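**Student:** return a 3D structure for these sequence lines:
(2 chains)
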Amino acid sequence: MRHAASLRRLRRGEAAHRRRPARGRRGGAAVRGLTSANVTMDLPHHGYRASKQRGRPAPMGGESVLFDDTSTSASQGYYTPGYNMAAPSNDMQAGVNNLFTDPMANAAMMYGSSIANQGKDMVNKEISRFMSVNKLKYFFAVDTRYVLRKLMILMFPYTHQDWEVRYHRDTPLTPRQDVNAPDLYIPTMAFITYVLLAGMALGIQKRFSPEVLGLCASTALVWIIIEVLVMLLSLYLLTVHSDLSTFDLIAYSGYKYVGMIFTMLCGLLFGSDGYFVALAWSSCALMFFIVRSLKMKILTSLASDSMATGSSAKPQVRMYITVATAIFQPVIIYWLTSHLVR
Amino acid sequence: MLGLATHLGANMAFTLYSLIQAAILCVNAVAVLHEERFLSKIGWGVDQGVGGFGDEPGIKVQLMNLIRSVRTVMRVPLIAVNAVCIVLLLLFG
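**Tutor:** Numbering: from 1, shown residues only, chains lettered A, B, ... in the order given. As a prediction, this is how the structure comes out:
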């Protein structure tokens, strides 16, 4: 019921905004219409104001926006998932009726579910002491359309025009609504795929054993941690006040795994020449992507930093950071994949 | 571990434990810098770090602040962490 209601809301918003003059791409207008429709009706006014300049929104009332699948409603007509869910639920009804006739089993089920809820609340409380789960949820609010577009941008960023991360009343939009927003889904999946692919490559060369898989995973993880720490340290020491949080940096560091997977696949399929060609291609694409994305965040940060004293050195220093990050990517791609494609 | 490292070729085979060891060594190195015997002598003491107001601090002041805060915060936990590390190394080599 809720799904149908939200779909009706989306289509109404989309139809109302379709009469706006489209800016060229039809996809852009639909996305903007969808964005403004979603955003004016569903997102809460202000989640909370974090200590950083722009905090992430807490999904208090907008749970449905973060977790509904919006990719099917925008492009094709919507299919009714009711057909798939009707058949299993009929079977479950018959089984559950049998269970409820026995009061002891009923009481046991209630008790078990209450214990499970208590355990879940305790785990949530402990985890939320270390990191804010709401901020993490923002990074995993993706849909298939976003993932496909982002992968295309990562491999071929030269035709993407608008690199600005869009905001809504001073909070960033979720990745479903803005293709420039960083997410953590692609890096996580790419990391796991890289580990599996490394195992496969080692198996092809008959050098495989199960411990090597764990070793490869922890090596790659350690390099990410080192890179994020070095970035944080340099941003702190050079007093660059950007709104890049730790999770943003983890996301931008994790995008290189997509390039690594592509390079390794070409190396496995086409031999040494294919490996170097793919390495050159993905290095250039990744360097371009990182420079364009971080330029928006680092170089154009707050107006209060552009005081007259010493501001001539600042854009230069920030450019150094961006370029150093970009140069580091192909080095680490080569370092982590060359031994697998001998 | 050396045999596994040769499996990965010329790559340094990092484990999470080696990262923790490297971090402990670095933080120990920062915590050992003595305030009046060393840092003041080279002009990095706590009383020499005042810049003008409204001026952005500059890398040397930020570094001095970082060293001072690491030394203040990590002095007591480092005792515990170092003790644990020594015991582990004695037991497991």
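**Student:** tell me the mean pLDDT over the longest helix anywhere in chain B?
**Tutor:** Longest helix of chain B, by residue count under DSSP state H: helix B:59-92. Per-residue pLDDT over helix B:59-92 has a mean of 89.
**Student:** tell me which other helices or strands it touches.
**Tutor:** Here helix B:59-92 touches helix A:210-237, helix B:16-31, going by 3 or more CB pairs under 8 Å, 6 or more residues apart in numbering or on different chains; DSSP states H and E. Where C-beta positions appear, they are placed from N, C-alpha and C, glycine not excepted.
**Student:** how about the residues of chain A by chain B?
**Tutor:** Taking CB under 8 Å from any CB of the partner chain as the contact definition, chain A meets chain B at A:202, A:207, A:209, A:211-212, A:215-216, A:218-219, A:221-223, A:225-226, A:236-239, A:305, A:307, A:309-310, A:314, A:335-336, A:338-340, A:342.
**Student:** will you turn the helices and strands packed on helix B:59-92 into TSV that also has mean pLDDT?
**Tutor:** What follows is those, written out as TSV (pLDDT from 0 to 100):
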stretch	mean pLDDT
helix A:210-237	89
helix B:16-31	90
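**Student:** out of the ones you listed, which comes closest to A:D162?
**Tutor:** Nearest to A:D162, of all the helices and strands packed on helix B:59-92, is helix A:210-237, at 24.7 Å by CB to CB.
**Student:** list the buried residues of that closest one.
**Tutor:** Using 16 or more other CB atoms under 10 Å in any protein chain shown as the test for burial, helix A:210-237 gives A:212-213, A:215-228, A:231, A:234-235, A:237.
**Student:** report the angle between the longest helix of chain B and helix A:210-237.
**Tutor:** Angle, helix B:59-92 to helix A:210-237, by axes from the mean of the first three to the mean of the last three CA atoms, to 10 degrees: 150 degrees.
**Student:** so where's chain A uncertain?
**Tutor:** Scanning chain A for pLDDT under 70 picks out A:1-100, A:300-313, A:342.
**Student:** in it, which residue sits closest to chain B?
**Tutor:** Residue nearest to chain B within chain A: A:H339 (3.1 Å; CB to the nearest CB).
**Student:** ok, that residue to A:C216 distance?
**Tutor:** 10 Å (CB to CB, to the nearest Å).
**Student:** just to revisit the earlier point, buried residues, the longest helix of chain B. List them.
**Tutor:** Neighbour counts using 16+ other CB under 10 Å place B:61-64, B:67-68, B:70-71, B:78, B:81, B:85 of helix B:59-92 among the buried residues.
**Student:** quick check: phi and psi on A:P172?
**Tutor:** For A:P172, the backbone dihedrals (degrees, to the nearest 10) come out as phi -70, psi 150.
**Student:** tell me, how many residues neighbour it?
**Tutor:** Counted with other CB atoms under 10 Å in any protein chain shown, the neighbours of A:P172 add up to 21.
**Student:** excluding chain neighbours, what is closest to the residue most central in space within chain B?
**Tutor:** By CA atoms, centre = their mean, chain B has its centre lying nearest to B:V27, at 1.9 Å. Nearest non-adjacent residue to B:V27, counting by CB to CB, 6 or more residues apart in numbering or on different chains: B:M74, 5.6 Å away.
**Student:** wait, what's in contact with that neighbour?
**Tutor:** Counting by CB atoms under 8 Å, 6 or more residues apart in numbering or on different chains, B:M74 touches B:27, B:30-31.
**Student:** pretty sure the residue nearest to the centre of chain B is touching B:P77, no?
**Tutor:** No: between B:V27 and B:P77 there is no contact under CB atoms under 8 Å: 9.2 Å.
**Student:** where does A:L244 sit: helix, strand or coil?
**Tutor:** Using DSSP: H, G, I helix; E, B strand; the rest coil as the criterion, the local structure at A:L244 reads coil.
**Student:** list the residues that contact it.
**Tutor:** Contacts of A:L244 by CB under 8 Å, 6+ apart are A:235, A:297-298.
**Student:** how about a cut-off of 6 Å?
**Tutor:** A:K297 (CB atoms under 6 Å, 6 or more residues apart in numbering or on different chains).
**Student:** may I have the phi/psi pair for it?
**Tutor:** Main-chain dihedrals, A:L244, degrees, to the nearest 10: phi -80, psi 120.
**Student:** do A:Y167 as well
**Tutor:** A:Y167 adopts backbone torsions of phi -120, psi 160, taken as degrees, to the nearest 10.
**Student:** ok, then the element right after the lengthiest helix in chain A?
**Tutor:** Counting residues, the longest helix found in chain A (DSSP H) is helix A:256-294. Heading C-terminal from helix A:256-294, the first helix or strand you meet, by DSSP states H and E, is helix A:314-337.
**Student:** output the contacting helices and strands for that next one.
**Tutor:** Counting contacts by 3 or more CB pairs under 6 Å, 6 or more residues apart in numbering or on different chains; DSSP states H and E, helix A:314-337 is packed against helix A:256-294.
**Student:** and the helix it packs on, which residues are buried?
**Tutor:** Buried residues in helix A:256-294 (16+ other CB under 10 Å): A:256-268, A:274-276, A:278-279, A:281-283, A:285-287, A:289-294.
**Student:** tilt between it and helix A:314-337?
**Tutor:** For helix A:256-294 against helix A:314-337, the angle by the same axes, to 10 degrees is 170 degrees.
**Student:** what helices and strands are in contact with helix A:256-294?
**Tutor:** helix A:144-155, helix A:185-204, helix A:314-337.
**Student:** relative to A:Y167, which of the ones you listed is closest?
**Tutor:** Judging those by CB to CB, what sits closest to A:Y167 is helix A:144-155, at 17.1 Å.
**Student:** next, the buried residues of that closest one.
**Tutor:** A:145-147, A:150, A:153-154.
**Student:** just put those in CSV and tack on distance to B:G43.
**Tutor:** Putting the buried residues of helix A:144-155 into CSV (distance: CB to CB, whole Å) gives the following:
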residue, distance to B:G43
A:R145, 57
A:Y146, 52
A:V147, 53
A:K150, 48
A:I153, 48
A:L154, 46
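**Student:** quick check: phi and psi at A:T174.
**Tutor:** Dihedral angles (degrees, to the nearest 10) for A:T174: phi -70, psi 160.
**Student:** what about the closest residue to B:S40 other than its chain neighbours, neighbour count?
**Tutor:** Distances taken as CB to CB, 6+ apart place B:Q48 nearest to B:S40, at 7.4 Å, with adjacent residues excluded. Residues within reach of B:Q48, counting by other CB under 10 Å, total 13.
**Student:** for A:T239, see how far away B:Q48 is.
**Tutor:** Separation of B:Q48 from A:T239 (CB to CB): 19 Å.
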